[in-house]
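A.B. asks: Could you look at this predicted model? Sequence included:
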Amino acid sequence: MASVAPNPAASPEEELLTKTPALTVQEAATSAELPPHRSHDPQFNMKRTDPFQFGSRYLQESDDVFEFNAWDHVETDDTYKEYAEQQYAMQRESPVSDFDKRRFNSDPAKWWNLFYKNNTANFFKNRKWLQQEFPILDKVTAEDAGPVTLLEVGAGAGNTAFPILASNKNPKLKVHACDFSKKAVEVMRSHEEYNTDFMQADVWDAASNDLPPGLEEGSVDVVLMIFIFSALSPIQWEQAVRNIYRVLKPGGEVCFRDYGRGDLAQVRFKGGRYLAENFYIRGDGTRVYFFEKNELAQIWAGASTAPEDEVEAEDTTKEVTESEAKQPLFDVEELGVDRRMLVNRARRLKMYRCWIQGRFRKK
């Protein structure tokens, strides 16, 4: 089978969407009688050299869609697009109440604290796939890499930081793992592999006016932002990007992955979850935004792209002068859309996931 990164979903309902039943005995017997499929051919099974290739199981017209659990690079069909637009219209007609907007936006840390209190460190799988998606992680963890400071924003329970340290051979690597949630930081600090010689876990609001504890301007080589930007309110994006710009060294790199518009998790939202366009409240009270590719390119280049929809948020943003607003911040080294069609063969259902992955370099 082609190599596919695991689903990095961020809520219980999203995790369930990606689970499909195993082959029955009858299905296995039928599959054994079929001629070898190209995805079993070694030439399609090799580890991909281009991280932004996003898998090699391509769906062609002659294929049986329900032969495998997942296909790469599949655009949504017209039926799904129509269904999605109907869902979006329904969501807009049934938004979050003004009372709940204030409740969820005034103290988002409260909801993340509750999330990690209820799920501790057992909810997310360790992200061992990151070295494949971001080869710079192999470079900075090499034995001869020299002094390297890596900042992870939105580190959660450490499911990125600890796998990186487990494979690290660089005695001069220091990982700063920061999260908005005090409970998440407590979970990281209580982990058996937490070693302050190589890792420092702290509470930090990426959209505040402060830099992460223990870090100065221009002190970080690599920033990881994996499914964290989507948790911010749109009016916080600009400040968060400027904070990352401040803390990075010139030429420093941001490794980014988050949700794309049209992802199944977005389409499945019911009424009463809509905050603003592409912005929702999950059942556990945490927020999530679904991005367009061009939107992210503008955000990281330094353009202000907060949607016109009014979104009440925390008073953590600071005023930005006109000269600062015009300052180019990052070069978009790579930005790709990772589309995957998941198949439930028992129920004959097709489900579409969409993630956006990028690398941004400080000018």
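C.D. replies: Arrived safely. Nothing here was measured: the structure is a model prediction, and the numbers come from that model. Numbering: from 1, shown residues only.

A.B. asks: Quick one: the strands in the stretch 201-350 of the chain, in order.
C.D. replies: 220-226, 248-259, 274-276, 279-281, 287-289, 330-344, 349-362 (DSSP state E, counting those that start in this stretch).

A.B. asks: Now do the top helix by length along the chain: which elements does it pack against?
C.D. replies: As assigned by DSSP state H, the longest helix anywhere in the chain is helix 78-93. Helix 78-93 is packed against helix 264-267, with contacts defined by 3 or more CB pairs under 8 Å, 6 or more residues apart in numbering; DSSP states H and E. For glycine as for every other residue, the C-beta is placed from the backbone atoms N, C-alpha and C.

A.B. asks: Show me what the helix it packs on packs onto, helices and strands only.
C.D. replies: Packing contacts for helix 264-267, counted by 3+ CB pairs under 8 Å, 6+ apart, involve helix 12-17, helix 78-93, strand 349-362.

A.B. asks: Minimum distance to S181: which of these has it?
C.D. replies: Among these, helix 12-17 comes nearest to S181, with 17.0 Å by CB to CB.

A.B. asks: Do you know the pLDDT at S31?
C.D. replies: On the pLDDT scale, S31 is placed at 38.

A.B. asks: low-confidence ranges in the stretch 251-363 of the chain?
C.D. replies: Within the stretch 251-363 of the chain, the ranges that satisfy pLDDT under 70 run 303-326, 345-348.

A.B. asks: quick one: T160 from V222, how far?
C.D. replies: Separation of T160 from V222 (CB to CB, to the nearest Å): 12 Å.

A.B. asks: Of these two, which one has the most company?
C.D. replies: Counted by other CB atoms under 10 Å, T160 and V222 do not tie: T160 has more neighbours, with 26 against 21.

A.B. asks: Just to check, the more buried one is in contact with G154?
C.D. replies: No - counting by CB atoms under 8 Å, T160 stays clear of G154, with 9.1 Å between them.

A.B. asks: Mutual contacts of those two, please.
C.D. replies: Residues touching both T160 and G154 (CB atoms under 8 Å, 6 or more residues apart in numbering) are I226.

A.B. asks: Is the nearest residue to M199 once chain neighbours are set aside within a helix or a strand, and which one?
C.D. replies: Distances taken as CB to CB, 6 or more residues apart in numbering put V175 closest to M199, at 4.6 Å, once the chain neighbours are dropped. Using DSSP states H and E, V175 sits in strand 173-179.

A.B. asks: Next: N159.
C.D. replies: Per DSSP H and E: N159 is located in neither a helix nor a strand.

A.B. asks: just to revisit the earlier point, redo the helices and strands packed on helix 264-267 as CSV? Include mean neighbour count.
C.D. replies: CSV is the format used below for those (neighbours: other CB atoms under 10 Å):
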stretch, mean neighbour count
helix 12-17, 15
helix 78-93, 13
strand 349-362, 20
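
A.B. asks: wait, which of those is closest to D263?
C.D. replies: Proximity to D263 (CB to CB) singles out strand 349-362 among the helices and strands packed on helix 264-267, at 4.3 Å.

A.B. asks: packing partners for the closest one?
C.D. replies: strand 248-259, helix 264-267, helix 293-301, strand 330-344.

A.B. asks: Mind giving me the packing neighbours of the first one?
C.D. replies: Okay, so that is strand 248-259. helix 130-133, helix 136-140, strand 220-226, helix 293-301, strand 349-362.

A.B. asks: Just the buried positions in the shortest one, please.
C.D. replies: Applying a neighbour-count criterion of 16 or more other CB atoms under 10 Å, one finds 130-131, 133 buried in helix 130-133.

A.B. asks: With distance to E193 and pLDDT as extra columns, can I get those residues in TSV?
C.D. replies: TSV is the format used below for these (distance: CB to CB, whole Å; pLDDT from 0 to 100):
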residue	distance to E193	pLDDT
L130	17	84
Q131	17	77
E133	22	84
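
A.B. asks: Put together TSV for those residues, with distance to T79 on each row.
C.D. replies: Formatted as TSV, the buried residues of helix 130-133 follow (distance: CB to CB, whole Å):
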residue	distance to T79
L130	34
Q131	37
E133	31
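
A.B. asks: quick check, nearest of those to P212?
C.D. replies: L130 (19.8 Å).

A.B. asks: distance of the nearest residue to that closest one once chain neighbours are set aside from N243?
C.D. replies: Of all residues not flanking L130 in the chain, L137 sits nearest, at 5.9 Å (CB to CB, 6+ apart). According to CB to CB, L137 and N243 sit 22 Å apart.

A.B. asks: residues in contact with M225?
C.D. replies: By CB under 8 Å, 6+ apart, M225 lies in contact with 152-154, 244, 254-258.

A.B. asks: Just to check, A276 is in contact with P234?
C.D. replies: Yes - contact criterion CB under 8 Å: A276 and P234 qualify, at 6.9 Å.

A.B. asks: ok so, going back, how about the CA coordinates for the longest helix of the chain, as CSV?
C.D. replies: Only the C-alpha atoms of helix 78-93 are listed here, as CSV (Å, rounded to 0.1, in the frame of the first residue of the first chain):
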residue,chain,number,x,y,z
ASP,A,78,-20.4,17.4,-8.0
THR,A,79,-22.7,15.5,-5.7
TYR,A,80,-20.5,16.1,-2.7
LYS,A,81,-19.9,19.8,-3.7
GLU,A,82,-23.7,20.3,-3.9
TYR,A,83,-24.2,18.6,-0.5
ALA,A,84,-21.4,20.7,1.0
GLU,A,85,-22.9,24.0,-0.2
GLN,A,86,-26.3,22.9,1.2
GLN,A,87,-24.6,22.2,4.5
TYR,A,88,-22.9,25.6,4.5
ALA,A,89,-26.2,27.4,3.8
MET,A,90,-27.8,25.5,6.7
GLN,A,91,-24.9,26.4,9.0
ARG,A,92,-25.1,30.1,8.2
GLU,A,93,-28.9,30.1,8.9
